[in-house]
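K.L.:
Next one to model:
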Amino acid sequence: MTLHIEPIIGRYAHIEIEGVAHRLYWEEAGQGIPLVCLHTAGSDGRQYRALLNDPRITSQFRVLVFDMPRHGKSSPPAGTVDTDYQLTSDAYVAQILAFCDAMELDSPVVMGCSIGGRIVLHLAQRHPERFRALIGLQSSAHVAPYYDTQWLDRPDVHGGRICGAIAYGLMAPQSPMADRDETRWHYMQGGPGVFRGDMHFYKVDGDMRDQLATIDTAKCPIYLLTGEYDYSCTPEDSRALADAIGVDLTVMPEMGHFPMSENPQAFLHHLYPVLDRIRSA
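P.N.:
Purely as a prediction, here's the structure:
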C-alpha cells in the first residue's frame with residue numbers, strides 16, 4: 001500500500017479570548033484568500049477534512065479550521081473543566097474574532113454549519129466590515145425545540161452514544177456510510193455537557209428572528225447552502241431566512257445536516273461556484 005500523507009498542518013496557538021487565556025488547536029492547508037471554517041455543535045474541525053485536502057480550493061484559499069474551546073483538541077480554559085458550559089452569541093463571536101486577529105487574517109471568508117451557520121448571521125449584523133463574505137450551511141434564524149437537551153448530560157445515559165445517535169438521524173441515507181460513520185464518531189468523542197452547552201446558543205441565545213432586518217448584505221455578501229434531508233434546519237427554514245435578508249439559497253439534494261462531513265465530495269461541487277464568485281469579486 002502506497003503511503004499517502006495529507007497536506008494538512010495542525011498546530012496549537014495560545015490566544016486570549018475576552019481576557020481569558022486559551023490553548024486552541026487549528027488545522028490549515030493552502031494559500032490565498034483566508035477561509036475560516038466553523039464546525040457544528042459538539043463536534044470539531046475534522047468535519048472539514050475534504051476542504052483541507054482539496055487542491056482546487058487550497059490553490060486559491062488558505063483554509064483554516066479551529067476547534068472551539070472544549071471541542072476536539074482545544075481544552076477548556078484552566079480551572080473551568082467542571083463549569084456548567086453554555087455557549088452564548090457574544091462568546092461565540094468573540095472567539096471567532098480572536099482567532100482571526102491572532103492569525104492576522106485580512107478580510108477572511110467565514111463558513112459555518114449548523115451553529116456555525118447561525119453565528120455567521122451575528123457576524124453579518126455586528127461586524128460586516130471584517131469579512132470578505134460569509135457562507136451559511138444549514139443556516140436558519142432559529143430552530144424549534146425537537147428534543148429535550150437534558151438527555152445530553154445525564155449520569156445514567158452515555159452522552160457520547162446519544163450524541164452520535166442524534167447526529168446519525170440528521171444525516172441523509174444517501175450519504176456514504178464511511179463518511180456518516182466518521183461524522184457520528186466525532187460526536188461520540190465530545191466532552192461531557194459540550195453538545196448540550198452548544199444547544200443553548202442554537203436554541204435560545206442565538207435566535208435571530210427579530211434581528212434579521214438589521215443585516216445589510218450590501219456590506220458583506222452572504223451565501224446559503226442547505227441539505228434537503230434535515231429536520232433541524234429544513235430547506236423551508238433556510239428559504240425563510242434567504243427571503244428575509246434578500247439572498248439566494250442553494251438546496252443540496254441527498255444531503256443532511258452535515259454536508260461537508262457526511263457527503264464531502266458531493267458538497268464540494270455545490271461549494272465551488274460560491275468560492276469562485278467570492279474570488280472573482
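K.L.:
what about residue 217, neighbour count?
P.N.:
For residue 217, the number of neighbouring residues by other C-beta atoms under 10 Å comes to 15. Quick note: C-beta positions are derived from backbone N, CA and C, even for glycine.
K.L.:
And for residue 103?
P.N.:
18.
K.L.:
which ones are touching it?
P.N.:
Residue 103 sits next to 13, 34, 64 when contact means C-beta atoms under 8 Å, 6 or more residues apart in numbering.
K.L.:
Give me the phi and psi angles of the second one.
P.N.:
Dihedral angles of residue 34 (phi, psi; degrees, to the nearest 10) stand at phi -70, psi 130.
K.L.:
And for it, nearest residue in space, chain neighbours not counted?
P.N.:
Computed as C-beta to C-beta, 6 or more residues apart in numbering, the closest residue to residue 34 that is not its neighbour in sequence is residue 108, at 3.7 Å.
K.L.:
do residue 17 as well
P.N.:
Closest residue in space to residue 17, ignoring its immediate chain neighbours: residue 98 at 4.5 Å, by C-beta to C-beta, 6+ apart.
K.L.:
The nearest residue to residue 212 once chain neighbours are set aside and residue 88, how far apart?
P.N.:
Leaving aside its sequence neighbours, residue 212 sits nearest to residue 244 (C-beta to C-beta, 6+ apart; 4.5 Å). As for residue 244, its distance to residue 88 is 23 Å (criterion: C-beta to C-beta, to the nearest Å).
K.L.:
cool, residue 221 as well?
P.N.:
Plainly put, residue 221 is 26 Å away from residue 88 if you go by C-beta to C-beta.
K.L.:
Please say which of the two ends up with more neighbours.
P.N.:
residue 221 (19 against 14).
K.L.:
and the closest residue in space to that one that isn't next to it in sequence, how far is that from residue 219?
P.N.:
In space, and not counting its chain neighbours, residue 221 is closest to residue 133: 4.6 Å by C-beta to C-beta, 6+ apart. Distance from residue 133 to residue 219, counting by C-beta to C-beta: 11 Å.
K.L.:
Same question for residue 191.
P.N.:
36 Å.
K.L.:
next one: residue 199
P.N.:
According to C-beta to C-beta, residue 199 stands 30 Å off from residue 219.
K.L.:
more neighbours, these two?
P.N.:
The residue with more neighbours, out of residue 199 and residue 219, is residue 199; 21 against 12, by other C-beta under 10 Å.
K.L.:
got the contact list for the helix or strand encompassing the more buried one?
P.N.:
In this structure, residue 199 sits in helix 194-200 according to DSSP states H and E. Applying C-beta under 8 Å, 6+ apart, the external contacts of helix 194-200 come out as 41-42, 70-71, 84-88, 115, 149-150, 152-153, 159, 163, 187.
K.L.:
Pull the distance from that helix to the chain's centre.
P.N.:
14 Å (C-alpha atoms, centre = their mean, to the nearest Å).
K.L.:
mean confidence score for it?
P.N.:
Helix 194-200 shows a mean pLDDT of 94.
K.L.:
Show me what secondary structure element comes after it.
P.N.:
Next along from helix 194-200, by DSSP H and E: strand 222-227.
K.L.:
Mind giving me the packing neighbours of the helix or strand following that next one?
P.N.:
Downstream of strand 222-227, the first helix or strand assigned by DSSP H and E is helix 235-245. Judged by 3 or more C-beta pairs under 8 Å, 6 or more residues apart in numbering; DSSP states H and E, helix 235-245 is in contact with strand 222-227, strand 249-252.
K.L.:
Residues contacting the last one, please?
P.N.:
Going back to what we said before, that points to strand 249-252. Residues contacting strand 249-252 (C-beta under 8 Å, 6+ apart): 223-228, 235, 238-239, 241-242, 259, 266-267, 270, 274.
K.L.:
quick one: contacts for residue 165?
P.N.:
Residue 165 makes contact with residue 184 under the criterion C-beta under 8 Å, 6+ apart.
K.L.:
How far off centre is the helix or strand containing it?
P.N.:
For residue 165, the host element (DSSP H and E) is helix 159-169. Distance of helix 159-169 from its chain centroid, counting by C-alpha atoms, centre = their mean, is 18 Å.
K.L.:
same thing with stretch 10-28?
P.N.:
From the chain centre to the centre of stretch 10-28 is a distance of 17 Å (C-alpha atoms, centre = their mean).
K.L.:
For it, give me every contacting residue.
P.N.:
Contact with stretch 10-28 is made by 8-9, 45, 52, 62-67, 69, 72-75, 77-78, 91, 94-95, 98-99, 102-103, as judged by C-beta under 8 Å, 6+ apart.
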